[in-house]
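>>> sequence and predicted structure are below.
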Amino acid sequence: MSVLLQGVARFTRQIARPLVSSRHFALEAPFGDGDEVLVERLEGPRKGISVIGLNRPAAKNSFSRGMVETFTDVLEDLKSDNGSRVVVLRSLTPGIFCAGADLKERKGMTPEEATEFVKTLRSLLISIEQLPMPVIAALDGAALGGGLEMALACDIRTAASNTKMGLVETRLAIIPGAGGTQRLPRILSPALAKELIFTARVFDGKEAKELGLVNHVVEQNETKDAAYQQALKLAEEILPNGPVGVRMAKLAIDKGMQVDLSTGYSIEEICYSQVIPTKDRLEGLAAFAEKRTPVYKGE
């Protein structure tokens, strides 16, 4: 077995362990003020959905050193929180998802500090991408530069029709540095990604849907959270399914897209092998035979 497949096999065993909810975030009540990145664990029929809320309104949720550090800590907690079956990433600031890097702070950085900051931001977005559970980005406001790069790091994207987005870095004589030059051509096509990045074009949610950049586009509502509500609907569709199976499916797709087809089949085989011994698989078969809704526990 190749080194790559050995690594995938080890990782599948780690994330296929029984998903027992044991960690609780500091924020259990609805979102409050103060922290720049907040987490809310939904309850009732939406139990299993964890919502990350960006909360830096004065700076349009732009990435500062402090925000990146806080966000990184949040993701580290989420990664080991097996009670979270789906994550929704949204903004708590109406009209803006994320404006990218904090250019006021960036202006005071030395070239070395700027390079290190972009490296840290890139690592943050990779951490979003590598969360074991599905992550849905809800774009109810502008997602520009690093803000759109963050959305690209998510598995699924919903957007309000009037949401503005674009990788606009070339306007500032730089390039997308947090993964945008790599994720966009993989999501769309190399030629289309080059056009959007070279021109620094800004487009709306409807155009993003036509391009294939977002999965769903919805008309904005009075409370300015239409994309978030659509993201919750998608999360609710995912919740009833076997959590280990969902995690393995995500891993098989993500890793398989990075290799040739033959190796991809081997990755799928490794991921499939992890669901065979689970209690959830047996529960699914029993529920089918008994014509009832399965109750999956992530075991």
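Nice, I can see it.
>>> can we go C-alpha only for contacts and neighbour counts from here?
Noted.
>>> domain parsing for the protein?
The chain breaks down into these structural domains: 37-239, 243-290 (assignment by the TED database).
>>> output those domains as a markdown table; include the columns mean neighbour count.
Compiled in a markdown table, the domains of the chain are given as follows (neighbours: other C-alpha atoms under 10 Å):
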| stretch | mean neighbour count |
| --- | --- |
| domain 37-239 | 19 |
| domain 243-290 | 17 |
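>>> residue 297: which of those is closest?
Between residue 297 and the domains of the chain, the tightest spacing by C-alpha to C-alpha is seen for domain 243-290, at 6.7 Å.
>>> count the residues that sit near residue 35.
Residue crowding around residue 35 was assessed by other C-alpha atoms under 10 Å; the count is 14.
>>> cool, and residue 293?
Applying the criterion other C-alpha under 10 Å, we find 12 residues in the vicinity of residue 293.
>>> list the contacts for it?
residue 287 (C-alpha atoms under 8 Å, 6 or more residues apart in numbering).
>>> can you tell me the SS state at it?
Taking DSSP: H, G, I helix; E, B strand; the rest coil as the rule, one finds residue 293 in the coil state.
>>> do you know the pLDDT at it?
The confidence metric pLDDT takes the value 91 at residue 293.
>>> equivalent analysis for residue 107, please.
On the pLDDT scale, residue 107 gets 86.
>>> that one and residue 101, how far apart?
Remark: distance between residue 107 and residue 101 (C-alpha to C-alpha, to the nearest Å) = 11 Å.
>>> could you do residue 292 as well?
Residue 292 is 49 Å from residue 101, where distance means C-alpha to C-alpha.
>>> go on, residue 169?
10 Å.
>>> how far does the longest helix along the chain sit from the chain's center?
Longest helix in the chain by number of residues, with DSSP state H as the criterion: helix 111-129. The chain centroid and the centroid of helix 111-129 are separated by 16 Å, computed with C-alpha atoms, centre = their mean, to the nearest Å.
>>> contacts for it next, please.
Contacts with helix 111-129, where a contact means C-alpha under 8 Å, 6+ apart, come from 65, 68, 71-72, 75, 106, 135, 149-150, 153-155, 177-179.
>>> I'd like the next helix or strand past the helix or strand hosting residue 210.
Under the criterion of DSSP states H and E, residue 210 resides in helix 205-211. Proceeding C-terminally, helix 205-211 gives way to strand 216-218 as the next helix or strand, assigned by DSSP H and E.
>>> beyond that next one, next helix or strand please.
Moving toward the C-terminus from strand 216-218, the next element (DSSP H and E) is helix 226-238.
>>> could I get the average pLDDT for the helix or strand following that next one?
Using DSSP H and E, the helix or strand that directly follows helix 226-238 along the chain is helix 243-256. Per-residue pLDDT values across helix 243-256 average out to 95.
>>> same for helix 243-256, what does it pack against?
In this structure, helix 243-256 makes packing contacts with helix 3-15, helix 261-275, judged by 3 or more C-alpha pairs under 8 Å, 6 or more residues apart in numbering; DSSP states H and E.
>>> convert the C-alpha atoms of stretch 117-130 to CSV, please.
Listed next in CSV are the C-alpha coordinates belonging to stretch 117-130 (Å, rounded to 0.1, in the frame of the first residue of the first chain):
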residue,chain,number,x,y,z
PHE,A,117,0.0,36.3,8.5
VAL,A,118,-1.0,35.0,5.1
LYS,A,119,0.6,31.7,6.0
THR,A,120,-1.5,31.6,9.2
LEU,A,121,-4.7,32.5,7.3
ARG,A,122,-4.0,29.8,4.8
SER,A,123,-3.6,27.2,7.6
LEU,A,124,-6.9,28.4,9.1
LEU,A,125,-8.8,27.8,5.9
ILE,A,126,-7.2,24.4,5.4
SER,A,127,-8.5,23.6,8.9
ILE,A,128,-12.0,24.5,7.8
GLU,A,129,-11.6,22.4,4.7
GLN,A,130,-10.3,19.4,6.8
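>>> which of the contacts of helix 111-129 scores worst on pLDDT?
Ranked by pLDDT, the contacts of helix 111-129 bottom out at residue 106 (87).
>>> please identify which helix or strand holds the residue nearest the centre of the chain.
Ranked by distance to the mean C-alpha position of the chain (C-alpha atoms, centre = their mean), the top residue is residue 154 at 2.7 Å. Secondary-structure assignment from DSSP H and E places residue 154 in no helical or strand segment.
>>> residue 133 is in contact with that one, correct?
No. In terms of C-alpha atoms under 8 Å, residue 154 does not count as a neighbour of residue 133; the distance is 10.4 Å.
>>> got the angle for the particular helix or strand that has residue 289 in it vs helix 261-275?
Counting by DSSP H and E, the element that carries residue 289 is helix 279-290. Calculated by axes from the mean of the first three to the mean of the last three C-alpha atoms, to 10 degrees, helix 279-290 forms an angle of 80 degrees with helix 261-275.
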